[in-house]
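# Okay, sequence plus prediction incoming.
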Amino acid sequence: MRITILFLLGILLSVPMAPLRGQIKTLTLGEAIVRARTSSLDAAIALDRLRASYWEHRAYRASLLPEITFKGTLPSYHKQYSPYMNQNGEYSFVANHYMQLSGEISVSQNIWTTGGTLGLTTSLDYLRQFSGQPYNRFMSIPVAITLSQPIFGVNHTKWNRRIEPTRYREAQAEFMSATEDVAISAITYYFSMLMDRENLAIARENLRHAKQLHAVAVEKRAMGQISKNDLLQMELNMLDAQSKLTDYESALRTSTFQLLTFLDLEDSAGLQPEVPEMIPDVDITFAEAYDKALANNKLALSMSRRRLEADYAVAQANGERHSISLFAQVGFTGSAHTPGGAYNPLKDNQLVEIGFEIPLLDWGRRQGKVKVAESARDVTATSLRQEAQTFRQNLYVIVERYSNQRRQLEIAARADTISARRYATNVETFMTGRISTLDLNDSRSQKDEARRTFINELYLFWLYYYQIRSLTLWDFASGTPIEADIEKIIKFAK
């Protein structure tokens with residue numbers, strides 16, 4: 001009768017009591033992922049990188065538009081002596097005392113097709129002479145059109161128009177992958193805390209059972225039903241359960257602190273993670289994942305950009321072998337002692353310059369630069385093929401693991417249920433004396449290991465799923481791409 005009472009008491013103690021309302025705050029995996037994407041430092045770093053890429057792209061786009069500038073000197077005052085040579089070749093110093101004012105407004109535009117620059121300028125200069133016979137002088141250029149054009153040089157504007165948009169799309173894809181990587185980190189921290197919580201729950205349950213079974217063993221020993229060795233073994237089990245309980249309590253505090261820190265949450269002793277009950281019912285094939293990765297992953301965009309940059313470097317090296325440039329200016333000018341007279345009458349103002357630099361003997365230095373650029377391009381092409389191959393292999397492994405993980409999770413869940421039932425049956429059997437302590441300990445160890453295996457298999461399922469999302473930037477559950485309104489994100493983050 002006493003044994004039966006102790007057994008029933010053990011069952012009651014093994015049932016967790018309902019927490020008081022307000023003491024426990026549950027945290028689901030989905031909530032942890034959402035919080036990590038919005039509040040973690042990793043998410044902030046990803047957003048800062050996106051913001052930097054956004055403004056770099058804005059600066060590039062601005063460089064394609066006309067630029068309006070105003071330059072002025074208000075004033076330039078001089079009072080000095082300057083050397084002067086007369087017609088006999090003799091030098092003397094003459095006083096030079098004057099003030100000068102100038103202003104210029106210009107509009108310039110890069111020519112996308114040729115790489116040159118076209119400008120429109122208007123200016124007015126004023127000179128006030130103080131020494132000798134004082135006078136005022138004005139010079140105007142009402143309108144002047146200028147052209148600066150490299151003849152055989154590389155067209156930087158054309159290459160930038162090919163490289164910079166690809167670079168920005170790469171930055172966008174990198175940001176979206178980073179948000180998925182943040183989710184992966186959140187999953188890791190979440191399941192670390194969940195595993196420690198399960199271990200603590202197992203340790204508490206085992207300690208309760210160990211105390212109960214030790215009390216039963218004492219009664220059985222008094223009645224001569226078990227040996228002293230079995231009694232001592234039950235006492236050792238109780239001490240071992242107490243030791244593990246303190247270890248898991250410390251481990252849970254550590255993992256809780258790590259998760260709270262990662263999610264930027266205030267310390268909450270009552271925070272409890274929940275075991276995810278629902279998992280995505282999604283089948284993913286390697287062919288489908290690889291197609292999505294080629295279309296969306298940052299690696300594909302990075303490879304395209306790096307090929308363009310390698311070709312750009314070769315074009316620059318070739319363009320530097322011969323340097324020929326054209327500068328031309330066509331407009332009108334006028335000069336008078338009054339502002340109005342400086343605009344009437346006007347005279348032609350034309351300037352044409354063709355400059356060139358052709359090496360006669362450089363001992364192959366420029367040709368060497370071309371060969372270096374071509375060799376670097378070949379190295380880049382080989383490296384890109386290797387990276388593409390490695391990426392394909394890694395994606396295949398992750399997809400294969402994910403495809404196998406659902407079955408592994410089903411097996412682990414079944415094993416968890418069976419081992420828990422087996423242990424409960426063995427406890428009842430031990431009460432009647434038909435099972436040894438070794439068999440009971442074995443069933444308890446298998447029960448604990450099955451529970452840990454189930455939690456770990458569940459973690460691996462979510463890990464593989466989000467790794468595939470990060471590599472493909474595709475939501476297989478909804479069948480839609482993982483994307484965001486970058487303009488809105490940047491504006492909201494200011």
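Right, received. Where do you want to start? Numbering: from 1, shown residues only.

# host element of residue 325?
Using DSSP states H and E, the element containing residue 325 is strand 323-336.

# Run me through the strand neighbours of that strand, direction for each.
Taking DSSP bridges as the criterion, strand 323-336 pairs within the sheet with strand 135-150 (antiparallel), strand 347-357 (antiparallel).

# Any figure for the gap between the closest residue in space to residue 137 that isn't next to it in sequence and residue 243?
In space, not counting the residues next to it along the chain, residue 137 is nearest to residue 127; the distance is 4.3 Å by C-beta to C-beta, 6 or more residues apart in numbering. (C-beta placed from N, C-alpha, C; glycine too.) Distance, residue 127 to residue 243, by C-beta to C-beta, to the nearest Å: 96 Å.

# the more surrounded of those two?
residue 127 (16 against 12; other C-beta atoms under 10 Å).

# Report the contact partners of the more buried one.
By C-beta atoms under 8 Å, 6 or more residues apart in numbering, the contact list for residue 127 reads 98-100, 136-139.

# Now with 7 Å, please.
Going by C-beta atoms under 7 Å, 6 or more residues apart in numbering, residue 127 touches 98, 100, 137.

# tell me the secondary structure for the first one?
In this case it means residue 98. Residue 98 carries the three-state label strand when classified by DSSP: H, G, I helix; E, B strand; the rest coil.

# So what's the residue count around it?
17.

# quick one, phi psi at the closest residue in space to it that isn't next to it in sequence?
The spatial neighbour of residue 98 that comes closest, neighbours along the chain excluded (C-beta to C-beta, 6+ apart), is residue 129 at 4.8 Å. For residue 129, the backbone dihedrals (degrees, to the nearest 10) come out as phi -90, psi 130.

# what about residue 129, how many neighbours?
Residues near residue 129, counting by other C-beta under 10 Å, number 15.

# distance of it from residue 442?
111 Å.

# Then residue 393?
Relative to residue 442, residue 393 is positioned 41 Å away (C-beta to C-beta).

# And those two? Which one has more around it.
The residue with the greater number of neighbours, taking residue 393 and residue 442 and applying other C-beta under 10 Å, is residue 442; the counts read 14 against 10.

# what's the helix or strand for the more buried one?
helix 437-472.

# Name the spans of the stretch 301-450 of the chain whose pLDDT lies under the cut-off.
Scanning the stretch 301-450 of the chain for pLDDT under 70 picks out the ranges 351-352, 356-358, 433, 436-437.

# what's around the residue nearest to residue 395 when sequence neighbours are not counted, how many residues?
The spatially closest residue to residue 395, leaving aside those adjacent along the chain, is residue 471, at 5.6 Å (C-beta to C-beta, 6+ apart). Taking other C-beta under 10 Å as the criterion, the count of residues near residue 471 is 23.

# need the contact list for residue 471.
Residue 471 touches 293, 297, 395, counting by C-beta under 7 Å, 6+ apart.

# List the residues that contact the first one.
So that's residue 293. Taking C-beta under 7 Å, 6+ apart as the test, what residue 293 contacts is 395, 471-472.

# can I get these in CSV with distance to residue 262?
Converted to CSV, those look like this (distance: C-beta to C-beta, whole Å):
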residue, distance to residue 262
395, 27
471, 22
472, 25
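
# ranges for the helices of the protein?
Listed from the start of the chain, the chain has helices (DSSP state H) covering 2-14, 29-39, 41-63, 156-222, 228-263, 286-296, 298-319, 365-431, 437-472, 486-493.

# Turn those into a markdown table, including distance to residue 106.
Listed next are the helices of the chain as a markdown table, based on distance: least, C-beta to C-beta, whole Å:
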| stretch | distance to residue 106 |
| --- | --- |
| helix 2-14 | 86 |
| helix 29-39 | 47 |
| helix 41-63 | 16 |
| helix 156-222 | 19 |
| helix 228-263 | 53 |
| helix 286-296 | 44 |
| helix 298-319 | 27 |
| helix 365-431 | 34 |
| helix 437-472 | 49 |
| helix 486-493 | 32 |
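
# ok, residue 204 to residue 361 distance?
With C-beta to C-beta as the criterion, residue 204 and residue 361 are 87 Å apart.

# sorry, that was for residue 75
50 Å.

# mind listing what the spatially closest residue to residue 462 that is not a sequence neighbour touches?
Taking C-beta to C-beta, 6+ apart as the measure, residue 462 lies nearest to residue 187, with 5.1 Å between them; neighbours along the chain are not counted. The contact partners of residue 187, taken as C-beta under 7 Å, 6+ apart, are 29, 462-463, 466.

# And the closest residue to residue 282 other than its chain neighbours, its phi and psi?
Using C-beta to C-beta, 6+ apart and skipping the chain neighbours, the partner closest in space to residue 282 is residue 476 (4.6 Å). Note on residue 476: its backbone torsions stand at phi -70, psi -20 [degrees, to the nearest 10].

# relative to its centroid, which residue of the chain is most remote?
If you look at how far each residue of the chain sits from its centre, by C-alpha atoms, centre = their mean, the farthest one is residue 88, at 75.2 Å.

# was I right about residue 430 contacting residue 440?
Yes. In this structure residue 430 lies within contact range of residue 440 using C-beta atoms under 7 Å: 5.2 Å.

# Spatially nearest residue to residue 311 (excluding sequence neighbours)?
residue 377 (6.7 Å).

# What's opposite the closest residue to residue 96 other than its chain neighbours in the beta bridge?
Computed as C-beta to C-beta, 6+ apart, the closest residue to residue 96 that is not its neighbour in sequence is residue 82, at 5.0 Å. Under DSSP bridges, the beta-bridge partners of residue 82 are residue 94.
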